[in-house]
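# Fold the following and give me the result.
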Amino acid sequence: MIPYGRQNITQEDIDEVISALKSDFLTQGPAIKSFEDDFAKYIGVKYAVAVSNGTAALHLSAMALNLSPGDKVITTPITFAASANCVRYCGAEVVFADINPQTYLLDIIKVEELLRSSPKGTYKGIITVAFAGRSVNLQAFKRLADEFDCWVIEDACHAPGAFFTDTNGVQQNSGNGVFADLAIFSFHPVKHIATGEGGMITTNNEQLYNKLLMLRTHGITRNSDLFLNDPTFASGVKSDSYPAWYMEMQTLGFNYRITDFQSALGSSQLKRAESGLIRRRQIASRYNDFFLDKTFIKGHSGHVDGHAYHLYVIETQDRLGLYNYLREKGIFAQVHYIPCHLMPYYRELGWKEGDFPFAENYYKHCLSLPMYPTLTDNEQEFVLTAIRDFYNKL
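Numbering: from 1, shown residues only. Below is the predicted model:
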């Protein structure tokens, strides 16, 4: 079986997890902070907050930015549902904008049209998505967001190691906090870094960082610098200092914590992040060469500087036929994604077919081919041969 994505667990990974399991901490221990520090260094950002999954990362980010009922947030319909759902968790309204058919990313022109067609203040924020591993030009989105007093969340679940080049020629890594208020990552098994389930939020904003730490643990803090009650209340006797047991719940948060053994796995996986990225780009290059002169495939990912290649997406007229043929051969391609606005939940909120023609046309033809670092050359050749044979039969 050749899936579209697969985790790679080495003996070193297993040893690190076993070590964590034998330690004094299964959760809320030092392995979490170590993973956060390692990840922040890799991305090039000041602060990182590890959480239970990417969806939790999105939810906490929206909460930290004070998203409230009645607010409106713009995002793309071509993404996993969580990118939009986090807005609904806060009681706010999701407003979709169409994709650029060449990049599959949220189209900044469509976003600008939405912003300019309404009074300033109508929209609270923008959630961009680095779909398939291609980084969004966040500098452009940041400039637009600042003009309309919006914040930016970068959904970089597909894109650790991805980058774009800004107008000064500087390489800007996804999640580095230069242009987005917050960025989020996922460590689901098919992602670049796997912890089983898990996520990370990155930022350069210390205030947001401290807020996130509180929100992920029931709204509770043990940081005495942030305490609101006085030391005498905390101690039960007249005192100028807080006792060691004292903590405060200052807001309504959630239990979105990650465990120490997951974090140990994440830190171990992170050591192979660069080599995995190199291999993904090698696989993408071979796909690119194969599809270069193929008239039966259009809109494939192509070469893009800074692409992290979580997915390799092609577009084909007979998507269902190719999908089924590959499955018969033991090749489990996948479709990413069914447009969010056409899910029954969002249809009930008023969205309908025809709202976003580029996203809907993309969905009719898209297919994600196997893409993961342990995909061998022989396995990739088997995939390419199967695709060639399918079209030769037509």
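# Report the mean confidence score over stretch 132-139.
Regarding stretch 132-139, the rounded mean pLDDT is 97.
# So, low pLDDT: which residues of this structure?
299, 301-302, 394 (pLDDT under 70).
# Repeat the analysis, applying 90 as the threshold.
Scanning the chain for pLDDT under 90 picks out the ranges 292-304, 393-394.
# Helices of the stretch 201-350 of the chain, start to end?
Listed in chain order, the helices of the stretch 201-350 of the chain (DSSP state H, counting those that start in this stretch) span 206-215, 231-235, 260-270, 273-291, 319-328, 344-347.
# can I get the CA coordinates of the helix or strand just after the last one in CSV?
This means helix 344-347. Going down the chain from helix 344-347, the next helix or strand is helix 357-365, by DSSP states H and E. What follows is helix 357-365, C-alpha atoms only, in CSV (Å, rounded to 0.1, in the frame of the first residue of the first chain):
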residue,chain,number,x,y,z
PRO,A,357,-16.1,29.3,-8.8
PHE,A,358,-12.3,28.9,-8.6
ALA,A,359,-12.5,26.9,-5.4
GLU,A,360,-15.3,24.7,-6.8
ASN,A,361,-13.6,24.1,-10.1
TYR,A,362,-10.4,23.2,-8.3
TYR,A,363,-12.3,20.6,-6.2
LYS,A,364,-13.8,18.9,-9.3
HIS,A,365,-10.3,18.1,-10.6
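# Name the residues that touch the next helix or strand after helix 357-365?
As assigned by DSSP H and E, the chain's next helix or strand after helix 357-365 is strand 366-369. Residues from elsewhere that reach strand 366-369 (C-beta atoms under 8 Å, 6 or more residues apart in numbering): 4, 132, 287, 311-316, 319, 322-323, 333-336, 383. Bear in mind the C-beta positions are built from the backbone N, C-alpha and C, glycine included.
# neighbours of the closest residue to Gly198 other than its chain neighbours, just the number please.
Leaving aside its sequence neighbours, Gly198 sits nearest to Phe187 (C-beta to C-beta, 6 or more residues apart in numbering; 3.7 Å). Using other C-beta atoms under 10 Å, Phe187 has 32 neighbouring residues.
# rewinding a little: so which of the contacts of strand 366-369 sit within strands?
Tyr312, Val313, Ile314, Glu315 (DSSP state E).
# Can you tell me which of those residues lies closest to Leu67?
Val313 (30.1 Å; C-beta to C-beta).
# quick one, what contacts the closest one?
By C-beta under 8 Å, 6+ apart, the contact set of Val313 is Tyr104, Ala132, Gly299, His300, Ser301, His336, Cys366, Leu367, Ser368, Leu369.
# need those in JSON lines with neighbour count, can you?
JSON lines is the format used below for these (neighbours: other C-beta atoms under 10 Å):
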{"residue": "Tyr104", "neighbour count": "25"}
{"residue": "Ala132", "neighbour count": "25"}
{"residue": "Gly299", "neighbour count": "17"}
{"residue": "His300", "neighbour count": "19"}
{"residue": "Ser301", "neighbour count": "24"}
{"residue": "His336", "neighbour count": "20"}
{"residue": "Cys366", "neighbour count": "22"}
{"residue": "Leu367", "neighbour count": "23"}
{"residue": "Ser368", "neighbour count": "19"}
{"residue": "Leu369", "neighbour count": "26"}
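# Show me which of these is closest to Asp71.
Tyr104 (26.6 Å).
# That closest one belongs to a helix?
No: assessed with DSSP: H, G, I helix; E, B strand; the rest coil, Tyr104 is coil; it does not lie in a helix.
# what about the closest residue to it other than its chain neighbours, distance to Ile278?
Distance criterion C-beta to C-beta, 6+ apart; nearest residue to Tyr104, sequence neighbours excluded, is Phe131 at 5.2 Å. To Ile278, Phe131 is 21 Å away according to C-beta to C-beta, to the nearest Å.
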